[in-house]
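Asks: Sequence and predicted structure are below.
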Amino acid sequence: MAAHRRIGVFVCHCGGNISDHVDVKSVADAVASEPGVVVSKTHTFTCSDAAQQEMIADIRNEKLDGLVIASCSPKLHLFTFRGMAERAGINPYQYVHVNLREQCSWAHTDDPGGATRKGAALVRAGIAKAALSRSLHALRVKTAPCVLVIGAGISGLRAALALADLGLEVHLAEQADEPGGAVRRWGPLAPDGQSGREVVGGLLARVRAHPRVTLHTATGLVAKSGSIGDFHLTLRSAGGAETALHAGAIVVATGFDSYEPKPGEFGRGLEGVVTLPEFRDGADLQGGTLTFRNRTVKSVAFIYCVGSRQSESETCPSPNAWCSRFCCTAATHLAAQIAAQEARGGAAVTQVHLYRDIRTYGHNERVYEEARRGGALFLRYGDGTPPTVERADPGLLVKVKDELTGDAEIEIPADLVVLVTGMVPRSNPGLMDVLKLPVSKDGFLGEIHIKLRPVETVIDGVFIAGAAQSPKSMAESVGSALAAVAKAGALLKKGYVDLEPLIARVDADRCLWCDECLKACPYGAIEKVPCGGKEIAQVVASQCKGEGACVPVCPHGALDIEGYTDAQITAMIDAGIRGEAVR
Amino acid sequence: MTPPDPARELDHDVLVVGAGTAGMEAANSLGDMGYRVLLVEKKPSVGGRTILLSKVFPTLDCASCIATPRMAATAHHPNVTLMVNSEVDGVTRAGNGTFRASVRRRATSVDPDACTGCGQCAEACTVPMVDEYNYDLVARRAAHIPFPQAVPKKAVISRSGCAPCLHTCPAGVKPSGYVSLVRAGKIDEAFRLHLEDAPLVGSLARACYAPCEGECTRCDLEGAVHIRAIKRFMADRYYATHPEPEYGPPETRLETRIAIVGSGPAGLSAAFHLAKQGHRVTVFEAEPQAGGMLRHGMPAYRMPHDVLDRDIRNITALGVEIRTGTRVESVASLKAQGFAAVFVGVGNQVPKVIPLQGRDLANVTDCMRFLKDSKDGGEMPDLRGKHVVVLGGGNVALDVARSSVRLATASTTILCLEDRARMPAHGWEVQEAEEEGVRLLTSASAKRLLTNAAGEPMLEYRAVATIDFTPEGRMTGFTVAEGTGQPIRADVVILAVGLGPSTAPFAGELELTPQKTIRTDPGTLQTSDPVVFAGGDAVLGPSIVTEAMGQGRRAAYHIDRMLRGTTGIVPFWDQPATVRKDSVLQGCACSHKPASAPRRRPPRERIQSFETYEDAFTEAEARDAANRCLGCGECSQCRQCVKVCPADCIDFSMRDETLDVRVGAVILATGYGILDPGRKELMGYGRYPNVISGPQMDRLLAPTRPYNAVLRPSDGKVPDNIGIVLCNGSRDHTVDNPLCCRIGCMYSAKHAQLIMGALPMADITIYTIDARAFGKGYDEFYEQSRAMGVQYVRGKVARVEELENGNLKVHYENIAGGGTQTMEHDLLVLTVGLLPNPDALALMRGETPAADDWAYVREPDPVAEPGRTSLDGVFAAGTVVGARDIPDTVLHAAAAAAQAAAYIEEARAG
């Protein structure tokens, strides 16, 4: 087969990044007589415009139908050279990228001879692969200009509005009877004192007024089929009414749960030991004097990191290792509000904050400063010596070893103890079953890459927003919601999506349908179809990721991954180990 | 997607300012959504500060892996137009929801389309600069590729202006260039660079009054770079190894014949530059030897003949014919011989005469005759035991007087009208003359010669009462006081009261000025006869060698253009504006140790002969002297890059270009600044070499790190006990920055883990107030550092003290253990505060986005509308609104993109 091919090989110096350790001329010479190779050259920088022009000329003049460029990581320039191949008039999937930099020169700086031999072997393998390459075409899917946003908290509301502002149709589904999520009940919140109630109220009014947003309350997603750009979804209301949707993308903004301390944890269960959300719900910070559930509070102790930054122990076998991020700022903001209430003429309140590290990052530091200026007392306790809370008469007694005074045990009487509880992943088994979204180690929804693709998930077309991903402040939640909007907008505003054709294919002659591939596929991309009097497996192109789990489990060798066929891999190994030393 | 509204006529939908992580993310997001984006970046590469990092927390991905995919996507995005090396000079609201932006693309002196990024220019470049991409840990070259992963990967030449020395030289010689070549040890290349501009290198190395040194920025420190002495070394070395020129006549010779009248510096310079262009040049010289004033008007102790002869061979090697002993009496005769163009450089050698009663009583002569006669080697005038009086206070008078003392006179006196301070001669020359025993009689006017009782000739003079000068310093008149001074002995009187132009033969053919100099067009030096050009002293009157050579070159340029029929206005002098000296000095952290001047022989010794009395530098001295160059304007114009560039893409004629674009929205993504850790004086940064900043530590750990190892700066020792001090200039009211930098705790934990990887035996201590590990996976990362054995000390470091071995003693308060304690480290890292970039607030014209108390751009509604500023249509992405780490920056930037997209959609809908 290779004999019929016309393959061009271009080996890159990468300015010296490669050629300092790999004799690129030797590599090009060594592979020049490989079957099918008609051009074998080197370039100082294959990625430079000038070199690309020369390579395009070679491709055209020599009528090449296979291309191997040995340069840097494909992460950098795979798409560069695919684009070049296309401009030169050959199919981009007949181009093979060989990594001579990260996988050869940089790894073998101490052994130029060995690096050169390995380089030649890698290029030979690339040639063998190119010789078996086929013309492939991206799968173009028309996208539906509609988005389902799941969760009508602050993130979901803002995402819905922004998507609608881009001209897309939006369905916003909220499981609860009331939209607004966690913060809808609360007044001034950290760090700038913006009222949760007002912000959510404002967003809700805009959502309700927007002609392109449909709000569904007491409604959940119960079924999903199709794939990116082309999802077929079913919503079901609490009353059982079902709505069918054809949506191009899904934004998951399901929020968080608040940590619920176990009985006895920091005195939980004692009268007057409350969590952060309970304190918010029950405290009056606006009136003349601090009250909690209508009782005057003269002394309050805040215990930080409850349910966060836990280490493994007998009582805590699966610890919440994460920092919950928002709570230091939230608690110090409450401290500042209490101090302000006092300054406005309210009764004196003694407030003691027992913390491990105060994490009022960035601009939030000024909230911490304000709390301290207002008279709040901050005591640091060691990781191994958490405070204890016990009943006293009257009220409560908190005991703590204070680091600053050399671990002196300090007893703090308090009317109220606020456990500064963090965020934990929301329990949502039904939805997760439908969406099949993976979660991170901590149980929050997982993104593809926190820095590169922070709102995208491994399920193409499904985006995440807000505290469903990790603990976030309101502003951060909305920021991530808008980021998800940008990505969903990019997907849907174009009207189509091109899918990589490097996916599984079934050899209909060999397949005898045994369902092993179906069981192996994590993406549900295999379906059974009748074919010539028997049943065989068929790959749902838009759902297959080319992961290849189906290939080795097939007892009949009927499956292959385009671009990585067994024949190609075998040929690459054969060529790579032929072991022809470069002189 | 809605098609762009033609009524709005936008060049781009969105202008994104800054191509760091935030700018790239915003631009890519908008581009992905189908909007056309103009992304403007000040630096030569996209990638911001992220690409300069080692690895990133909490995943320890390498920074390249994080940054380069985004960088490549930006650079290749079909909807993103990227302008690097460009600055937005201002954005104005233009109605209809649109903006007008003025974008200036800075000249990089490299054609980006042709450059392949091979980096050979950087290897050849002789100008070292502080490498900002390595946070000043090492040097880079003026010609450089910012860093290996730069996108686009194109060379850039740092050139902020023309160096004052280069700007000043009337001959257009590039002192900055050859000084930097000498510094680099490229002596022959230095000579050749000089030769491109002016051929009489050896002569200039001795006879030039070096205006460049007067303009040297280093004068404002401890004294000018000894440029002329460096040139002398360079010329002497080159001539010693190259007794003959390395070249012959140009390959392509034209048929055009050009006559040069006069073989002084102007004529020789014109001949040289014309011959290089291929013209056939004949030089006519009335005297028996070529050289003009250099040969006949300059004492041998300044201008040895063999050097001049060698210099002249630089010209004759090109095929120039010099006809000595041939006086040209008219232009017409030259035209008749078939010369297509003529350059007249006859000089200014006619001595002026003043009335002097009784001039037959003594031996009265003129300066030109005297200087010609007193050249070493010829028949010397016999002045032994004679009393000589020189009339005049200019440089020629000084040459005469100093020559005269070398002829064993009984006395030599200079008598001049001016007071000492206003003598036209150079001050140093007067001083050297005095050292050699020349007597000065200033503010004196010679009256008459007479004989005393012993029959000896005496000169009577009167004191000058008042004297008038033009603003340029030319004397216009004087009055004398009553009475006369005590007459002085005057066996020989030499008149050196000025010289006049030698233009008499051409008076009928060329238009002259009232001063009898030739009238020319100041730009082209063309005379009243269009094919005749003139230059040098014949045009300028008495001037200096470099001025004459500069004119010869200028005339040659225009003669060549005329003969080739080139039209259009082309500036002969093509240099950027001269760099401001104060800005050079501001950025310079050099020692102030004066370099030794070239040795001069003591006066008693120097008057024994006409030998050169100034010793040449040794190579070590010359390179040491060259090393004092401050590199004003960065690129020295040494042109080594031009010689090596395989793509021929270096172009020094490039100038900044300004584009006016109309856009539909603006995103500010100008990033953040880093607080100068030197502001925390007690921490020792900038004073103790082993105290480094956090960003510098990151560079030491990066794959593209400067030393390829973790070393401490003072002595290259591998550190084994490293301290990391957090919160320097953040959470700190003493520097007005109470904000938390948000990343210091995390990147310090990263440093600790990476150091442990690089130096497994090293002890690491982190001094911290709180450990702020708040993001996804961060606290786990912090706990991992602790588990690996990093010591966390709770407390503030008060001050740092340097020990004799370069180690640092840290004084700190330990909150957990109690009390003040000290600890010794061999390397100390200061994690520094972040600052807003003031550019963000200065970008808009006519309005300013609202800012917070610390001058970050303020988001009026940070909760519901992140990324929005107080200005409609102007958005903010990333750290421009406050410090953030990479994940938070990416999210914020994508949010800003969504905001901008919504704004555009609304504007399109009307």
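Replies: That came through fine.

Asks: Ramachandran angles for the nearest residue to residue B:63 once chain neighbours are set aside?
Replies: Nearest residue to residue B:63, sequence neighbours excluded (Cβ to Cβ, 6 or more residues apart in numbering or on different chains): residue B:53, at 3.8 Å. Heads up, the C-betas are built off the backbone N, CA and C, glycines and all. Note on residue B:53: its backbone torsions stand at phi -80, psi 160 [degrees, to the nearest 10].

Asks: repeat for the one 10 residues further on
Replies: Backbone torsions for residue B:63, taken as degrees, to the nearest 10, come to phi -60, psi -30.

Asks: got a list of what it touches?
Replies: B:50, B:51, B:52, B:53, B:54, B:55, B:56, B:702 (Cβ atoms under 8 Å, 6 or more residues apart in numbering or on different chains).

Asks: tell me the pLDDT at the last one?
Replies: Okay, so that is residue B:702. pLDDT recorded at residue B:702 is 88.

Asks: What residue, apart from its backbone neighbours, is nearest it spatially?
Replies: Once flanking residues are discounted, residue B:702 sits nearest to residue B:54: 4.1 Å by Cβ to Cβ, 6+ apart.

Asks: any idea where the strands of the stretch 151-300 of chain A begin and end?
Replies: For the stretch 151-300 of chain A, strands defined by DSSP state E, counting those that start in this stretch occupy the ranges A:169-173, A:188-189, A:194-195, A:213-216, A:219-227, A:230-237, A:242-247, A:249-252, A:256-258, A:273-275, A:283-284, A:291-292, A:295-296, A:299-306.

Asks: right, so the ones you listed: which one is the most enclosed?
Replies: Highest mean neighbour count among those (mean count of other Cβ atoms under 10 Å in any protein chain shown): strand A:249-252, with a mean of 29.

Asks: So which elements touch that strand?
Replies: strand A:146-150, helix A:154-165, strand A:230-237, helix A:429-435, strand A:462-464, helix A:474-493 (3 or more Cβ pairs under 8 Å, 6 or more residues apart in numbering or on different chains; DSSP states H and E).

Asks: Dump it to CSV, keeping only the CA atoms.
Replies: Provided in CSV are the C-alpha atoms of strand A:249-252 (Å, rounded to 0.1, in the frame of the first residue of the first chain):
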residue,chain,number,x,y,z
ALA,A,249,-26.5,23.3,25.0
ILE,A,250,-27.1,22.8,28.7
VAL,A,251,-25.9,25.0,31.5
VAL,A,252,-25.8,23.3,34.9
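
Asks: Sketch out the low-pLDDT regions of the stretch 401-550 of chain B for me.
Replies: Along the stretch 401-550 of chain B, no part satisfies pLDDT under 70.

Asks: Looking at it, which residue is nearest chain A?
Replies: For the stretch 401-550 of chain B and chain A, the shortest gap (Cβ to the nearest Cβ) falls at residue B:550, measuring 39.3 Å.

Asks: Wait, a strand at that residue?
Replies: No: counting by DSSP: H, G, I helix; E, B strand; the rest coil, residue B:550 is not part of a strand but helix.

Asks: any idea how far residue B:346 is from it?
Replies: For residue B:550, the distance to residue B:346 equals 17 Å [Cβ to Cβ, to the nearest Å].

Asks: Same drill for these two, tell me which one is more crowded.
Replies: residue B:346 (30 against 27; other Cβ atoms under 10 Å in any protein chain shown).

Asks: I figured that one hits residue B:538, correct?
Replies: Yes: Residue B:346 sits in contact with residue B:538 when judged by Cβ atoms under 8 Å, with a separation of 4.8 Å.

Asks: which stretch among the helices and strands packed on strand A:249-252 comes nearest residue B:190?
Replies: helix A:474-493 (56.2 Å; Cβ to Cβ).

Asks: Is any residue of the following helix or strand past that closest one near chain B?
Replies: As assigned by DSSP states H and E, the chain's next helix or strand after helix A:474-493 is strand A:496-499. No: Strand A:496-499 does not reach chain B (Cβ under 8 Å from any Cβ of the partner chain); its nearest approach is 11.3 Å.

Asks: and the next helix or strand along the chain from strand A:496-499, what does it pack onto?
Replies: Counting by DSSP H and E, the next helix or strand C-terminal to strand A:496-499 is strand A:504-506. Judged by 3+ Cβ pairs under 8 Å, 6+ apart, the packing partners of strand A:504-506 are strand A:534-539, strand A:559-561.

Asks: Could you dump those into a markdown table with mean pLDDT, mean neighbour count and distance to chain B added?
Replies: Shown next, in a markdown table, are the helices and strands packed on strand A:504-506 (pLDDT from 0 to 100; neighbours: other Cβ atoms under 10 Å in any protein chain shown; distance: least, Cβ to the nearest Cβ, whole Å):
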| stretch | mean pLDDT | mean neighbour count | distance to chain B |
| --- | --- | --- | --- |
| strand A:534-539 | 95 | 18 | 28 |
| strand A:559-561 | 96 | 22 | 23 |
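
Asks: Please name whichever of those is nearest to residue B:295.
Replies: Each of the helices and strands packed on strand A:504-506 has some distance to residue B:295 by Cβ to Cβ; the shortest is strand A:559-561, at 86.2 Å.

Asks: could you say what helices and strands that closest one packs with?
Replies: With contacts taken as 3+ Cβ pairs under 8 Å, 6+ apart, strand A:559-561 sits against strand A:504-506, helix A:550-553.

Asks: What lies in contact with the last one?
Replies: Meaning helix A:550-553. The contact list for helix A:550-553, computed with Cβ under 8 Å, 6+ apart, reads A:504, A:516, A:517, A:519, A:520, A:521, A:526, A:537, A:559, A:560, A:561, A:566.

Asks: Which residue comes closest to the fourth one once chain neighbours are left out?
Replies: This means residue A:519. Nearest one to residue A:519, counting by Cβ to Cβ, 6+ apart, is residue A:553 at 7.6 Å.

Asks: How about the second one?
Replies: Nearest residue to residue A:516 in three dimensions, chain neighbours excluded: residue A:553, at 4.5 Å (Cβ to Cβ, 6+ apart).

Asks: Provide the backbone phi and psi angles at residue 442.
Replies: You didn't pick a chain, so chain A it is. phi -80, psi 0.

Asks: re earlier: overlap of the contact sets of residue B:346 and residue B:538?
Replies: B:262, B:501, B:502, B:503.

Asks: Distance of the nearest residue in space to residue A:301 that is not next to it in sequence relative to chain B?
Replies: Nearest-residue entry for residue A:301: residue A:414, 4.2 Å, with adjacent residues in sequence omitted and distances by Cβ to Cβ, 6+ apart. Using Cβ to the nearest Cβ, to the nearest Å, residue A:414 is found at 23 Å from chain B.

Asks: Now do the helices in the stretch 101-250 of chain B.
Replies: For the stretch 101-250 of chain B, helices defined by DSSP state H, counting those that start in this stretch occupy the ranges B:120-124, B:164-168, B:175-183, B:187-197, B:201-207, B:211-215, B:227-241.

Asks: For the fourth one, the averaged confidence score.
Replies: In this case it means helix B:187-197. Rounded mean pLDDT across helix B:187-197 is 97.

Asks: Now do that helix and helix B:175-183, the angle between them.
Replies: 160 degrees (axes from the mean of the first three to the mean of the last three Cα atoms, to 10 degrees).

Asks: In helix B:187-197, which residues are buried?
Replies: Residues B:187, B:189, B:190, B:191, B:192, B:193, B:194, B:195, B:197 are the ones in helix B:187-197 that count as buried (16 or more other Cβ atoms under 10 Å in any protein chain shown).

Asks: need the contact list for the nearest residue to the fourth one once chain neighbours are set aside.
Replies: To tie it back to what came earlier, the one meant is residue B:191. Once flanking residues are discounted, residue B:191 sits nearest to residue B:238: 3.9 Å by Cβ to Cβ, 6+ apart. Taking Cβ under 8 Å, 6+ apart, we find residue B:238 in contact with B:187, B:188, B:191, B:201.

Asks: Next, the contact list for the closest residue to residue B:516 other than its chain neighbours, please.
Replies: Distances taken as Cβ to Cβ, 6+ apart place residue B:501 nearest to residue B:516, at 4.9 Å, with adjacent residues excluded. Taking Cβ under 8 Å, 6+ apart, we find residue B:501 in contact with B:346, B:347, B:348, B:350, B:512, B:515, B:516, B:517, B:518, B:537, B:538, B:541.
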